[in-house]
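Novice: Sharing a sequence plus its predicted fold:
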Amino acid sequence: SDQEFTCDLIRLGIADKESFGYSFNKLSILPYQLFNMQITKLDNPEWEKLTDSVDIKTIRYYGDKFRFSYSMGLGLEIGLGEMIFINGGFESAMIYPRFMVWKCGCSLILESASNGLADAFVREVTESSPAAGPIVNMLLKNSISYIFYHFRKDDMNWPFESQAPLTYEMFKAGISFRF
């Protein structure tokens, strides 16, 4: 079913945001990668009004409890001076129906090892061509994150066989003021 609905998300967790970019006098351009591990709870008082379908039963299953969730994001932050920052990004997230320590841990270690190899490659690129470093970093690291996200959409602990998580994607835009 492709029925649309809204819900509130309550997320508590930790995040790691990596940014590696350019600075020109008062202008900065910072592509970034975001990694979050958190517990998430779906909350929607209007669920009872939704049509009963497999999708809605699944979503109701995820409600009422905090569950382990993982998300990755990418974006661009443009600094205008030292105080004003315009940012936009994309975040893809998944809420796990249950947390399996060993499978999830090994899957996350595999992704971390891939990012470690990417970091070593980006260091080499940056040493030989500093201007290319941020672009190569953004493309490579976000590609790795998206590939893992894509595989985990069907198997939450890929490469280990497991259930599919509840996934959602969002675009974000904002202005930040730093004092």
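Specialist: Now that the structure is in, tell me what you want to look at.
Novice: burial count for P134?
Specialist: Counted with other CB atoms under 10 Å, the neighbours of P134 add up to 20. In short, each C-beta sits where N, CA and C put it, glycine included.
Novice: scratch that, E111 is what I was asking about
Specialist: E111 - counted by other CB under 10 Å - has 21 other residues nearby.
Novice: now swap in E82 and tell me
Specialist: So E82, with other CB under 10 Å, has 10 neighbours.
Novice: how near is it to F177?
Specialist: Separation of E82 from F177 (CB to CB, to the nearest Å): 11 Å.
Novice: Y22 too?
Specialist: As for Y22, its distance to F177 is 21 Å (criterion: CB to CB).
Novice: Check Q38 too.
Specialist: Distance of Q38 to F177, computed by CB to CB: 25 Å.
Novice: How about P134?
Specialist: Distance, P134 to F177, by CB to CB: 24 Å.
Novice: lowest average confidence, helix or strand, in this structure?
Specialist: Counting by mean pLDDT, DSSP states H and E, the weakest-scoring helix or strand in the chain turns out to be helix 54-62, with a mean of 69.
Novice: What helix or strand is the residue positioned nearest the centre of the chain located in?
Specialist: What sits nearest the mean C-alpha location of the chain, by CA atoms, centre = their mean, is M72, with 1.5 Å. Assigning secondary structure by DSSP states H and E places M72 in strand 67-80.
Novice: right, and the helix or strand after that strand?
Specialist: Once the chain leaves strand 67-80, the next helix or strand it forms, by DSSP H and E, is strand 84-95.
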